[in-house]
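In: test case, fold it:
(one chain, ligands or ions: 1)
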Amino acid sequence: NMEFADRVQRVEPSATLAISNLSSELEAEGIDVVDLSVGEPDFPTPENIVEAGKAAMDAGHTGYTSSNGIPELREALADKFTGQGIDADADEIIVTPGGKQGLYEAVTTLIDDGDEVVLLDPAWVSYEAMVKLSGGSLNRVDLSPYDFQLEPGLDDLADAVSDETELLVVNSPSNPTGAVYSDAALEGVRDLAVEHEFVVISDEIYERITYGVEQTALGSLDGMEDRTITLNGFSKAFSMTGWRLGYIHAPEDLIDQASKLHSHSVSCAVNFVQRAGLEALSERTDDSVVEMREAFRERRDMLADLFAEHGVDVPVGDGAFYMMLPVDDDDQTWCEEAIQDAHVATVPGSAFGAPGYARISYAASEARLREAVDRLSEGGFL
Ligand code: PLP
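Out: Okay, the predicted model is just below:
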């Protein structure tokens, strides 16, 4: 009999699995399920990016690249960061196969057994898993009482952190709430990080998907240059989830450590994908980004209005493509029944540390969103 490592065994299988299994079973029976559980844009990757990927393959860019990524892409990313007010150098960037891998490398590089990591709930599911894999101890601050905004919750955060805190993870715009944190909130984070000398991972993967507000890069704030790891990627902004391309920026000494992990595990991100990423960053993609963003905004507004018509007041964020629908306390059962009886798939809020909600992704057509609300309403779920 095999003995499995504790650090893997202490991670729970994803709570979203139950939902996607149920969904697959129903679909195998020929039932049409409105799937609002997935966290990916429902648009094709913009044509110019696809063409650049094909051209790179044809040109023979199919071998390994330098481990931290091709210099052209790292230079372009450094320029992008500089435009956001982060004084970045190409040597402070690792290009990763997906932002998730960048996050994993950052957490693994920083966290030893027992190190305290603070999360702001509701928080994306993988933060908890990665901290557990590293042996860190979790300290969670609940932002649900504040409509998921950080600014009114700063006192709670101040109470939670101490000199023992090693790391805080901030995700704005947020998955699963869509909240975009105010500058005052980010300055509050900065003040606490400086006072207690902890590091902050700023997950800015939804940076380009905001509605009428601008996302401030945490690493651009005075005092944060040496204590911020900025995580970003191509999946959401450019509808490139399956290409697997992301990146981290951090002080060079951290990058030197993390790149050992990177080179001994993944070696490098896919060569021609990195070249497609270079194209994605060009202004030729700007129109596509704006089009997708506008579509998401219209769907968000439509969906919030539909719920309001049914008497359900949903806190609406200014970014990403998620909202948290208030449901029964037992959100796991609510979600299972909603999929079984109404054939609408959502993710239980408890998976994100926010019981009593269901996460809805509105990266779906307006017709499917209407259908979902109709079904939930007819099934008595609203
Ligand atoms: N961070 C957040 C908050 C996410 O929602 C996701 C994807 O769902 C990621 C990071 C990682 O995305 P990827 O690995 O596709 O770059």
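
In: so how far is stretch 127-145 off the chain centroid?
Out: Going by Cα atoms, centre = their mean, to the nearest Å, the spacing between the C-alpha centre of stretch 127-145 and its chain's C-alpha centre is 15 Å.

In: what about it, how long is it end to end?
Out: Distance across stretch 127-145, first residue to last, is 21 Å (Cα to Cα, to the nearest Å).

In: next: stretch 322-339.
Out: Using Cα to Cα, the two ends of stretch 322-339 sit 18 Å apart.

In: check whether that stretch contacts the ligand.
Out: No - Stretch 322-339 stays clear of the ligand (Cβ under 6 Å from any ligand atom), getting no nearer than 8.6 Å. Where C-beta positions appear, they are placed from N, C-alpha and C, glycine not excepted.

In: buried residues, that stretch. List them.
Out: Buried positions in stretch 322-339, judged by neighbour count with 16 or more other Cβ atoms under 10 Å: Y322, M323, M324, L325, V327, D331, Q332, W334, C335, E337, A338, I339.

In: okay, the last one: pLDDT?
Out: Think I339. What the model reports as pLDDT for I339 is 95.

In: roughly how far does it sit from the ligand?
Out: Counting by Cβ to the nearest ligand atom, to the nearest Å, the gap from I339 to the ligand is 20 Å.

In: so what's V161 up against?
Out: Applying Cβ atoms under 8 Å, 6 or more residues apart in numbering, we find V161 in contact with V118, N139, L168, L192, H196, F198.

In: got the buried residues for the helix or strand hosting the first one?
Out: V118 belongs to strand 116-121 when assigned by DSSP states H and E. Of the residues in strand 116-121, those buried under the neighbour-count criterion (16+ other Cβ under 10 Å) are E116, V117, V118, L119, L120, D121.

In: which parts of the chain are strands?
Out: Counting by DSSP state E, the chain has strands at residues 34-35, 93-96, 116-121, 137-142, 165-171, 199-203, 228-233, 246-249, 322-326, 344-345, 347-348, 357-361.

In: give me the neighbour count for V33.
Out: Neighbours of V33 under the rule other Cβ atoms under 10 Å: 19.

In: I'd guessed it sits against N21; true?
Out: No - with contacts counted by Cβ atoms under 8 Å, V33 stays clear of N21, the gap being 11.9 Å.

In: what ranges do the helices span in the protein?
Out: Along the chain, counting by DSSP state H, helices occupy 6-9, 16-28, 47-58, 71-83, 99-110, 125-134, 154-160, 183-196, 252-265, 271-280, 286-309, 331-341, 366-378.

In: for the ligand, what are the nearby residues on the stretch 51-200 of the chain?
Out: Counting by Cβ under 6 Å from any ligand atom, the residues of the stretch 51-200 of the chain close to the ligand are G98, G99, K100, W124, N171, N175.

In: S235 is in contact with the first one, correct?
Out: When you say that, I think you mean G98. Yes - contact criterion Cβ under 8 Å: G98 and S235 qualify, at 6.9 Å.

In: need the residues touching each of those two.
Out: R244, L245, G246.

In: so which of the residues you listed is the closest to the ligand?
Out: G246 (4.0 Å; Cβ to the nearest ligand atom).

In: what's the burial count for that closest one?
Out: By the criterion of other Cβ under 10 Å, G246 has 24 neighbours.

In: got CSV for the strands of the chain, with mean pLDDT too?
Out: Formatted as CSV, the strands of the chain follow (pLDDT from 0 to 100):
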stretch, mean pLDDT
strand 34-35, 94
strand 93-96, 98
strand 116-121, 98
strand 137-142, 98
strand 165-171, 98
strand 199-203, 98
strand 228-233, 98
strand 246-249, 98
strand 322-326, 97
strand 344-345, 96
strand 347-348, 96
strand 357-361, 97
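
In: separation between S23 and L36?
Out: 10 Å (Cβ to Cβ, to the nearest Å).

In: comparing those two, which residue is more hemmed in?
Out: L36 (25 against 20).

In: list the contacts of the more buried one.
Out: L36 sits next to V344, A345, T346, I360, S361, Y362, A364, R368, L369, A372 when contact means Cβ under 8 Å, 6+ apart.

In: who are the contact partners of R297?
Out: Contacts of R297 (Cβ under 8 Å, 6+ apart): Y211.

In: per-residue confidence for it?
Out: In this model, R297 is scored at 97, pLDDT.

In: just V327 next, same as before
Out: Reported pLDDT for V327: 96.

In: OK, contacts around the residue in the stretch 251-382 of the chain that the ligand sits nearest to?
Out: Closest contact between the stretch 251-382 of the chain and the ligand, by Cβ to the nearest ligand atom, is at A320 (7.7 Å). A320 is in contact with P173, S174, N175, T177, G178, Y206, I209, K236, counting by Cβ under 8 Å, 6+ apart.

In: for those residues, work out which two are farthest apart.
Out: Largest separation among the contacts of A320 by Cβ to Cβ: T177 and K236, giving 15.0 Å.
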